[in-house]
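Q: Pasting the sequence and the predicted model now:
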Amino acid sequence: MKPTLGFVLATAGLVALDPHDTPYFRRTDAFHDFNRVLSGKNTALGTAIFPLSFYAVGWARKDSYAQQTALLAGQAVADVQILTLVMKNIDRRLRPADIPVDGDYTHTWFKSHGRVITGRGSFPSGHTMGAFAIATVFAERYRRHRWVPWVAYGLAGLVGFSRVSLQSHFPSDVFAGAVLGYTISHYVVLRRP
């Protein structure tokens, strides 16, 4: 109960701060090159290609542990994408890029009218959920290598930050996506019987 309450309070606090921190990313060009490299398309491709490549390498080496890890990562991505689709269609939160430059960043809920199949809203960040879901699977399964969690969560963090700097998501969307991606992988996909 305590972790859930902490998550809800932290997310609510970040939602309250969204109107104050989001306009900065609208005004700056400091992340232009970063945004080009970590575009939405590139991060989605990376999220899909990494587990598939890992599986192929595991298959070629006849490494069943690597293959199972890649399959668990795929399951984690599928699980988080179902959740994000449901949540986005319920909350229909506007994306920062959909708000006029001097617009109101405080009233963003239940306003988006996007496509049902891809999700109508921005809360939570699906890219971030997927990245953290994959990162958690690899960090947990290869934790005996001390560097793996650092690299996995570092790359997932870059994906999350790119969503904010691209004006695709609010920081609260990214925070919620990271926590939900971690939680689903850790407690659903990797649960111990």
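A: On my side now, so go ahead.
Q: Could you list the buried residues of stretch 153-160?
A: 153, 155, 156, 157, 159, 160 (16 or more other Cβ atoms under 10 Å). The C-beta positions use only the backbone N, C-alpha and C, and glycine is treated the same way.
Q: Could you do stretch 11-21 as well?
A: Neighbour-count burial for stretch 11-21 flags 11, 14, 15, 18, 19 (criterion: 16+ other Cβ under 10 Å).
Q: Could you measure from residue 52 over to residue 183?
A: For residue 52, the distance to residue 183 equals 24 Å [Cβ to Cβ, to the nearest Å].
Q: ah, wrong one, I meant residue 51
A: Per Cβ to Cβ, residue 51 is found 19 Å from residue 183.
Q: between those two, who's got more neighbours?
A: A side-by-side neighbour count of residue 51 and residue 183, using other Cβ atoms under 10 Å, places residue 51 first with 21 against 18.
Q: tell me which element that one falls in.
A: Assigned by DSSP states H and E, residue 51 belongs to helix 40-60.
Q: ok, residues contacting that helix?
A: For helix 40-60, contacts defined as Cβ atoms under 8 Å, 6 or more residues apart in numbering pick out 63-67, 69-71, 73-74, 77, 127, 130-131, 134, 159, 162-163, 166, 168.
Q: Now do the helix or strand just after it: which elements does it pack against?
A: Using DSSP H and E, the helix or strand that follows helix 40-60 towards the C-terminus is helix 64-91. In terms of contacts (3 or more Cβ pairs under 8 Å, 6 or more residues apart in numbering; DSSP states H and E), helix 64-91 is packed against helix 40-60, helix 126-141, helix 171-184.
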